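*Asks:* Next one to model:
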Amino acid sequence: MPKIITDVFGKPLRRVVNGHDGKPLILNPEEQAACDWSESQIRNRSGRRIGNALGFEIDITTMTAIARKIVQQSYYEIEPAEYLPIIAGQGAWSTNVETVREFVTGDSFESGITNLSQANARISEVDAAVDGVNLPIYNWNKRASWTIMQIQHAAKVGNWDYGEALQKARKKNYDLGIQRVAFLGANGFVNALSNCYGLLNLPNVYTDTTVFTAAGNVAISKMPLANLNTFASTLVSMYRVNCNRSAWPTDFYVPEDDFIAMGGSQFSPTFPIGTIGEILLKAFKSSVPNGKFGAIKPISYAMVSFSGGTLSNNAYVLLNKNDETLNMQLPVPYSTTVPNSLDNFQLQDVAYAQFTGVQALKPREIIYFNSGYSS
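*Replies:* Below is the predicted model:
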């Protein structure tokens, strides 16, 4: 242990340390200052020793045990396929996807009624027509490279595989990127921004502003009881009108903070018969026949604070979750090349994939509700 020499007031003067030959070595003031500064860099404010910054060179002592489990970084993760259909493996290595939509044309049903008493009675005809919806495909690739030296240095840590960590980091980068595109579209890629949309910002979907305005532009969990009593039926009625009564909604997506509050707030403070979330789910299921309504689900991306500037108000979505209504495509799912080396010292491989944004093939079967507030 170093011996601290102090004055009559107890203030340290010099530090005595052992030299390489084991003999006491008294530091001069400059050496003392340099020593104190170096030590301060590896201690936090409470005086406890802390580790280094990022890197696999970490200071330990002979009494240090290295934990077997490595703690992984946490992220916001949500499964896009639980919110919209994902089509994988179709149209690999194409530049765009063309989806054909079929329509029935021709005269009315009554025009087919034939008067057999007339000579040369005209027979009415039916016809069909098609159009196409074009969706760009985007190519993605990222390289991972490492050297024999880095692998050997990391191996001395004892429980960390540097090569495996690189593969995990790249796959996580892809997963989180596809996740964000699925809900908010491409971010920061100029050529994609005009065509690569997400579930929450499709350009050809109707947005209602009346429901939340009538309730004071507040979250569902904060709405007056009078508005809550008719909330589900009002939304379903608006949805049916919007799609010309050709479909029923199957899911309702809400901002995560409101979803949590709905689960912890009683529908009626006077008669605690269930939470707002429970009562609303029952109301939706009662308003939609044949058990077609599935669930109310939370999305953090639907909150302005978590949308990265994409949204101006918290978003609520009522839709028919069907691959003919909307979908996202992954023509080439995430794949990697075989690691290779030109000099047997540095190795590398490349991960690649193709993806699209979200397309609304039947935009009238989706409806947005502008909340008029942000969180």
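*Asks:* Show me the strands in the stretch 101-250 of the chain, by range?
*Replies:* Assigned strands in the stretch 101-250 of the chain, in chain order: 126-136, 138-147, 206-208 (criterion: DSSP state E, counting those that start in this stretch).
*Asks:* Arg364 is in contact with Asn320, correct?
*Replies:* No. The pair formed by Asn320 and Arg364 falls short of the contact definition of C-beta atoms under 8 Å, at 9.6 Å. Where C-beta positions appear, they are placed from N, C-alpha and C, glycine not excepted.
*Asks:* who's more crowded, these two?
*Replies:* A side-by-side neighbour count of Asn320 and Arg364, using other C-beta atoms under 10 Å, places Asn320 first with 21 against 18.
*Asks:* thinking again about what came up before, now do the shared contacts for Asn320 and Arg364.
*Replies:* Between them, Asn320 and Arg364 share the neighbouring residues Cys243, with contact defined by C-beta atoms under 8 Å, 6 or more residues apart in numbering.
*Asks:* what's near enough to touch the nearest residue to Asp323 once chain neighbours are set aside?
*Replies:* Beyond its immediate neighbours in the sequence, the residue positioned closest to Asp323 (C-beta to C-beta, 6 or more residues apart in numbering) is Pro85, lying 3.8 Å away. Contacts of Pro85 were listed using C-beta under 8 Å, 6+ apart, and they are Lys321, Asn322, Asp323, Leu326, Asn327, Met328.
*Asks:* so which of these is the most crowded?
*Replies:* For the contacts of Pro85, neighbours tallied by other C-beta under 10 Å; top is Met328, 26 neighbours.
*Asks:* any idea which helix or strand comes after the helix or strand containing that one?
*Replies:* Counting by DSSP states H and E, the element that carries Met328 is strand 326-330. Note on strand 326-330: by DSSP H and E, the next helix or strand toward the C-terminus is strand 332-336.
*Asks:* Which other helices and strands does that next one contact?
*Replies:* In this structure, strand 332-336 makes packing contacts with helix 162-184, strand 346-355, judged by 3 or more C-beta pairs under 8 Å, 6 or more residues apart in numbering; DSSP states H and E.
*Asks:* Mean pLDDT for those - can I get that in a markdown table?
*Replies:* Output for the helices and strands packed on strand 332-336, formatted as a markdown table (pLDDT from 0 to 100):
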| stretch | mean pLDDT |
| --- | --- |
| helix 162-184 | 92 |
| strand 346-355 | 94 |
